[in-house]
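> structure, please.
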Amino acid sequence: MTTTKDQGADHGAATGAVAAGSPASDAFAHQPLWKVRLALWRRSLGKTWGLFRENKMGMFGLGLILLFACMAIAHPILMATVWDPKIYDPVTGYSAVELQFVIVEGEPTDPSTQISLQEARLRLNPTVKVGQTVTIPVQPAPPSLKGPNPHLLGTDPQGRDILSQLLYSTRAAFFLGAVAALTTVLIATTVGSIAAYFGGFIDGSLMRLSDLILLMPLLPVLILVSALFEINMVMLGLMIGVLGGFGGVAIVLKAQALSVKVKSYIDAARVAGGTHWHIVLRHIIPNVLPLSFLYMMFGVTEAIAIEATLSFFGLLNVPMTWGIMINTAQNNGYLLSGTSYWWLLFPAGLAVTFLCFGFFLVGRGMDEVINPRLRAR
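Here you go, the predicted structure:
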């Protein structure tokens, strides 16, 4: 419980910080405490954003993330206004793509416009002759802008639009990354701060649990659990967050919390009558959060990569993801087709790569802002 004495000390510290370094201290002198804190938070956020903008690597990563965010927003809009759900639905849609071929004797010199007589008789009927033009349904169909229902990235072996699947799966990737990262930050920040402040038996127990989780290989454990139980996106995000929150991230944040614990204002808060939980919640955790958000960026990257792997093995109960797109190509024999059917593999593979790359670059950019040894002066 926050005492009146604590509130007065906090208010004095906040207004004192403004008076020490800002000419606008008179404007804050008689403001409520929450307004003072909000103003200080906005000022700190503006300074941090200014430092982050100077980092070209971080800004490039942020641009990649915004691009994928636009892709996630675009899919429901296109489905509601432009695309026919019967054709462009990422799960149940079907497009009857038909191409015209000229029947030739022997092997065709241009497979995109010619078909051998033997194959034409097998696929159509035995009465066709050389020189005839025939129309054959093609799945998977290559990218095309022709016809009333164009497919910019072609279709998969089931006749579903690849671009629609790509945009739809972006939302699943963002959702999974958010659930996993927020769970990791919440658990790791709490565990690290409590272990650092209380020490003793509590510290030893939490850190031994972290060591135990670190000894377990994350991906094989998730593959085993996914094979035994039916797992959806929410459950997967929570599992990744819990394992990450009690694992290595908690150890790193505990080290940061230990450096905060020895600060003079922690002793001042304790002398002023602040309870243990008041000090942890109001002083230690807020000072650990910047580093927590840094590891949240890396947690999103790990979650997206794990989801793609589990979806590729068919171990998740989800309708469509980038991993399922690659799994569909593999199940139909196109995984080792090289560039012949590139639209079945490259869009989903590059999406996983670039979204993870974007969050990684943002994390590196935040590291240079948060870490005083790397911060631009």
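> quick one: mean pLDDT for the lengthiest helix in the chain?
When every helix of the chain is counted residue by residue (DSSP state H), the longest turns out to be helix 162-198. Across helix 162-198, pLDDT averages out at 91.
> stretch 65-78 too?
Rounded mean pLDDT across stretch 65-78 is 94.
> all helices for the stretch 201-350 of the chain, in order.
Counting by DSSP state H, counting those that start in this stretch, the stretch 201-350 of the chain has helices at residues 218-228, 233-245, 248-261, 264-271, 276-279, 285-312, 322-331, 346-370.
> quick one, which of those helices gets closest to residue 48.
helix 346-370 (5.8 Å; C-beta to C-beta). Where C-beta positions appear, they are placed from N, C-alpha and C, glycine not excepted.
> run the angle between the closest one and helix 162-198 for me.
Angle, helix 346-370 to helix 162-198, by axes from the mean of the first three to the mean of the last three C-alpha atoms, to 10 degrees: 30 degrees.
> now helix 346-370: buried residues?
For helix 346-370, burial by neighbour count (16 or more other C-beta atoms under 10 Å) applies to 347-349, 351-352, 355-370.
> tilt between the one helix or strand residue 68 maps to and helix 285-312?
Using DSSP states H and E, residue 68 falls within helix 56-81. With the same axes, to 10 degrees applied, the angle from helix 56-81 to helix 285-312 works out at 60 degrees.
> from the chain's centroid, how far away is helix 56-81?
When distances are taken as C-alpha atoms, centre = their mean, to the nearest Å, helix 56-81 is centred 12 Å away from the chain's centroid.
> likewise for stretch 178-197?
The answer for stretch 178-197 is 18 Å, by C-alpha atoms, centre = their mean.
> distance of residue 236 relative to residue 77?
Between residue 236 and residue 77 the computed distance is 27 Å (C-beta to C-beta, to the nearest Å).
> residue 138 too?
29 Å.
> so for these two, which residue has more residues nearby?
More crowded of residue 138 and residue 77, by other C-beta atoms under 10 Å: residue 138, with 17 against 11.
> quick one: low-confidence ranges for the stretch 151-300 of the chain?
Within the stretch 151-300 of the chain, no range satisfies pLDDT under 70.
> tally of neighbours for the residue nearest to residue 249 when sequence neighbours are not counted?
Nearest residue to residue 249 in three dimensions, chain neighbours excluded: residue 188, at 4.0 Å (C-beta to C-beta, 6 or more residues apart in numbering). Neighbour count for residue 188, taken as other C-beta under 10 Å: 29.
> where is the longest strand in the protein?
Counting residues, the longest strand found in the chain (DSSP state E) is strand 98-104.
> phi, psi of residue 135?
phi -110, psi 120 (degrees, to the nearest 10).
> go ahead and confirm it touches residue 102.
No. Residue 135 is beyond contact range of residue 102, at 11.3 Å (criterion: C-beta atoms under 8 Å).
> more neighbours: those two, which one.
Neighbour comparison, residue 135 and residue 102: the larger count goes to residue 102, with 15 against 10 (by other C-beta under 10 Å).
> about what we covered before: return the distance of the longest helix of the chain from the chain's centre.
On C-alpha atoms, centre = their mean, the centre of helix 162-198 falls 7 Å from the chain's centre.
> who are the packing partners of that helix?
Other helices and strands packing on helix 162-198, by 3 or more C-beta pairs under 8 Å, 6 or more residues apart in numbering; DSSP states H and E, are helix 56-81, helix 200-215, helix 233-245, helix 248-261, helix 276-279, helix 285-312, helix 322-331, helix 346-370.
> would you turn these into TSV with distance to residue 152?
Shown next, in TSV, are those (distance: least, C-beta to C-beta, whole Å):
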stretch	distance to residue 152
helix 56-81	11
helix 200-215	44
helix 233-245	26
helix 248-261	40
helix 276-279	56
helix 285-312	22
helix 322-331	15
helix 346-370	10
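> among those helices, which is nearest residue 227?
Residue 227 lies closest, by C-beta to C-beta, to one member of those: helix 285-312, at 9.7 Å.
> next, the angle from that closest one to helix 322-331.
Using the same axes, to 10 degrees, one finds that helix 285-312 and helix 322-331 are set 20 degrees apart in direction.
> show me what helix 285-312 is packed against.
Helices and strands touching helix 285-312, as assessed by 3+ C-beta pairs under 8 Å, 6+ apart, comprise helix 162-198, helix 218-228, helix 233-245, helix 248-261, helix 322-331, helix 346-370.
> can you redo the ones you listed as TSV with distance to residue 297?
As requested, the helices and strands packed on helix 285-312 are arranged in TSV below (distance: least, C-beta to C-beta, whole Å):
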stretch	distance to residue 297
helix 162-198	8
helix 218-228	18
helix 233-245	13
helix 248-261	12
helix 322-331	19
helix 346-370	3
